[in-house]
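Peer 1: kindly generate the corresponding structure for this input.
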Amino acid sequence: MEIKPIRNRRDYGVALRRVEFLWDSKEGSPEFDELDVLATLVEAYEREHYPVDLPDPIEAIKFRLEQQGKNTRALVGIIGQRTRVYEVLQKKRALSLEMIRNLHDKLGISANVLIQQTRNWKRPKRQNARRQARSLKRKISA
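Peer 2: Residues are numbered from 1 along each chain as shown. Now for the predicted structure:
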């Protein structure tokens, strides 16, 4: 059993082939011990060189609902009323701390996934005071 550190892609490929060869080793055998060590090295290399991004919070919510065979109506009471659920799922409203806690507790979604910024979050457009005043004057004078 000669185990070397995984420093580059070539070493990574060699380690993966060896893991595949050892995959069906009997527990307690020297081959199984080699497999265990190699799997740990491969995992460390992949974590550093091929990191996996966390999913978008809204996509994670939809995925969990699908896993549990539920539809978006299941979110009423967890996130809020029907309109609040719609706004969150359409990315027009950000998740609040209370929503995140409820989703974590009731649906088992990782808080790390839920607290990140939603991709393509659409903040509602707000007119500044001058635009509002001009708009109001136009309506009054019309």
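Peer 1: scan the chain for its longest helix.
Peer 2: For the chain, the helix reaching the highest residue count under DSSP state H is reported as helix 30-49.
Peer 1: against which helices or strands is that one packed?
Peer 2: helix 9-22 (3 or more Cβ pairs under 8 Å, 6 or more residues apart in numbering; DSSP states H and E). Just so you know, the C-beta spots here come from the backbone N, C-alpha and C atoms, and that holds for glycine as well.
Peer 1: flag every buried residue along the helix it packs on.
Peer 2: Across helix 9-22, burial judged by 16 or more other Cβ atoms under 10 Å covers Tyr12, Ala15, Arg18, Leu22.
Peer 1: for that helix, packing partners?
Peer 2: Partner elements for helix 9-22 (3+ Cβ pairs under 8 Å, 6+ apart): helix 30-49.
Peer 1: by how many degrees do the helix it packs on and helix 9-22 diverge?
Peer 2: 140 degrees (axes from the mean of the first three to the mean of the last three Cα atoms, to 10 degrees).
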